[in-house]
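Peer 1: Below: sequence and its predicted model.
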Amino acid sequence: MNGSRNTPVLLEEYFCSLALAASPACSATPLPAQHLRPGPPPHYAGERVLERGSYLGRVKSLLAKLAEKGLKGAIILGSSNILYFTGTDAASALVVGEGGECILLASRLEYTRALDEAKVGAVYAYSELEAPTASYERVIRADLYGALRKALEELGLEPARVGVTVAQLSYKAYCRLKDALGGEPADVSPLVSGMRAVKSREELSLIMRAIEVAEASMKKVLSALERGVREYELAALAVSEIRARGAIPAFEPIVAFGEHAAHPHAKPGSRELREGDVVKVDLGAKVGGYCSDITRTAALGEPPQKLRSVLRAVVKAQEEAIHALTKSVAARDVDAKAREVMRSEGLLEYFIHGLGHGIGLDVHEAPSLSPGSRDMLEAGMVATVEPGVYIRGVGGVRVEDDVLVMEDGARVLSKLDKLLF
């Protein structure tokens, strides 16, 4: 549970525990220096960190999992899913063929970005308009759904043997795709989300860099607490600090003072900070496409005694939940541990959301730590653990850390102090 250990040791132990490092001795395979270099992190839309082999490996793994379901290929939809397999989120769809051949379909607006960023696959633009095209453009004269049919034909895929990440589709889009394929598509959304949930060494390295940026930015925000400062000013400071470190915000920061902190997803406004207010700050950074997400609750001066007690209960609930995190445990059982603490503290009715969620290319992804979750935890997953208490008219307290699931427990990746008042 010690979050203070340095990155090389953490990653070495992680991959030894997953038996992914070279044998016979895990210690003989140190983390490559390029993943530990100091300095600002890579930009999300600029420098790409993962090598082409990583994406090819993911496509190969996808095909193996599809074969187990009797499928020959896949249509991958959703920008983060496409990014995961190709290195670009500029395309509208990815079609994966039986032999690993890939076709990316992008609008003409995003075509050149997809062409420049994609690590795998042939990139085609789709457009229904008859218009002049540049010499480097390969254009399919059809809408997206017509282009998908043509891509399937090009790869020799029968629509009935193709899986689709249908969870990314609106009902209207689903109906159009169903018509294009001539029948109900096989949903492979859980398969893809399961692949993305278990992080590789390179992915973990990027998440940890994103955590470092978020923590440095959080320190700057908390050091700027003074009477009269407004919520939106601190939110702007958070964004500025994240960008100054070469990252981008993973989401719009939440900054809420006093009674406004009772809103779990408060929108920063013009509320001025007053003596005795609690201050809830939720922020995250994105480095190389991978997210962090942390929350701390502080105060200016002495907050209400009730909220002092609440903070300690929230931290206790988080500690109990983290202690329950390990491989092969049901995610809902981890959530239940936090709720047991809240019940014993008389605060259960004020804990109104799930305990946490996975982070990766999206700030909310599998696994879900919630009462209704069906997810089972696997070593290599990274999830937030963020119990909170929200009392209307009084205020709110949330403490959130990013945690790595291990073979025999969990490791807290974020390190900031929690008992700030």
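Peer 2: Nice, I can see it. Numbers count the residues shown, from 1 in each chain.
Peer 1: For the top helix by length along the chain, name the packing helices and strands.
Peer 2: In the chain, assigned by DSSP state H, the helix with the most residues is helix 201-223. Helix 201-223 is packed against helix 7-17, helix 231-244, strand 278-283, strand 285-287, strand 290-291, strand 294-299, strand 401-406, with contacts defined by 3 or more CB pairs under 8 Å, 6 or more residues apart in numbering; DSSP states H and E. All C-beta atoms are positioned from the backbone trio N, CA, C, and that covers glycine.
Peer 1: Give the buried residues for that helix.
Peer 2: Residues 201-218, 220-222 are the ones in helix 201-223 that count as buried (16 or more other CB atoms under 10 Å).
Peer 1: Taking strand 278-283 as reference, get the angle to that helix.
Peer 2: 150 degrees (axes from the mean of the first three to the mean of the last three CA atoms, to 10 degrees).
Peer 1: Please render the helices and strands packed on helix 201-223 as a markdown table that adds mean pLDDT to the earlier fields.
Peer 2: Shown next, in a markdown table, are these (pLDDT from 0 to 100):
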| stretch | mean pLDDT |
| --- | --- |
| helix 7-17 | 55 |
| helix 231-244 | 98 |
| strand 278-283 | 98 |
| strand 285-287 | 97 |
| strand 290-291 | 98 |
| strand 294-299 | 98 |
| strand 401-406 | 98 |
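Peer 1: okay, the ones you listed in a markdown table with distance to residue 353 and mean neighbour count next?
Peer 2: Formatted as a markdown table, the helices and strands packed on helix 201-223 follow (distance: least, CB to CB, whole Å; neighbours: other CB atoms under 10 Å):
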| stretch | distance to residue 353 | mean neighbour count |
| --- | --- | --- |
| helix 7-17 | 29 | 17 |
| helix 231-244 | 21 | 19 |
| strand 278-283 | 12 | 26 |
| strand 285-287 | 22 | 29 |
| strand 290-291 | 18 | 30 |
| strand 294-299 | 12 | 23 |
| strand 401-406 | 16 | 24 |
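Peer 1: which one of the ones you listed lies closest to residue 125?
Peer 2: Residue 125 lies closest to strand 285-287 among the helices and strands packed on helix 201-223, at 27.0 Å (CB to CB).
Peer 1: List the strands paired with that closest one, with their directions.
Peer 2: Using DSSP bridges, strand 285-287 pairs in its sheet with strand 248-249 (antiparallel), strand 290-291 (antiparallel).
Peer 1: Okay, domains of the protein per the record?
Peer 2: Listed by automatic domain parsing, the domain ranges of the chain are 52-196, 211-412.
Peer 1: Of these, flag the one that's most buried.
Peer 2: domain 211-412 (a mean of 20; mean count of other CB atoms under 10 Å).
Peer 1: For residue 385, give its distance to residue 400.
Peer 2: As for residue 385, its distance to residue 400 is 7 Å (criterion: CB to CB, to the nearest Å).
Peer 1: any common contacting residues for those two?
Peer 2: Residues touching both residue 385 and residue 400 (CB atoms under 8 Å, 6 or more residues apart in numbering): residue 356.
Peer 1: Please name the residues that touch residue 307.
Peer 2: Residues counted as contacts of residue 307 (CB under 8 Å, 6+ apart) are 278, 299, 394-395, 397, 421.
Peer 1: Sketch out the low-pLDDT regions of this structure for me.
Peer 2: Across the chain, the ranges flagged by pLDDT under 70 are 1-48.
Peer 1: Do you have the helices of it handy? List them.
Peer 2: 7-17, 52-68, 79-86, 108-117, 144-154, 171-181, 189-197, 201-223, 231-244, 305-324, 331-344.
Peer 1: Can I get those helices in TSV including distance to residue 160?
Peer 2: Formatted as TSV, the helices of the chain follow (distance: least, CB to CB, whole Å):
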stretch	distance to residue 160
helix 7-17	40
helix 52-68	13
helix 79-86	22
helix 108-117	28
helix 144-154	11
helix 171-181	8
helix 189-197	17
helix 201-223	33
helix 231-244	46
helix 305-324	43
helix 331-344	33
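Peer 1: Specify the stretch among the ones you listed that is closest to residue 354.
Peer 2: Using CB to CB, the helices of the chain put helix 331-344 closest to residue 354, at 6.2 Å.
Peer 1: Now do that closest one: which elements does it pack against?
Peer 2: The contact analysis (3+ CB pairs under 8 Å, 6+ apart) places helix 331-344 against helix 305-324, strand 365-369.
Peer 1: Dump those into a markdown table; add distance to residue 187 as well.
Peer 2: Formatted as a markdown table, these follow (distance: least, CB to CB, whole Å):
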| stretch | distance to residue 187 |
| --- | --- |
| helix 305-324 | 31 |
| strand 365-369 | 15 |
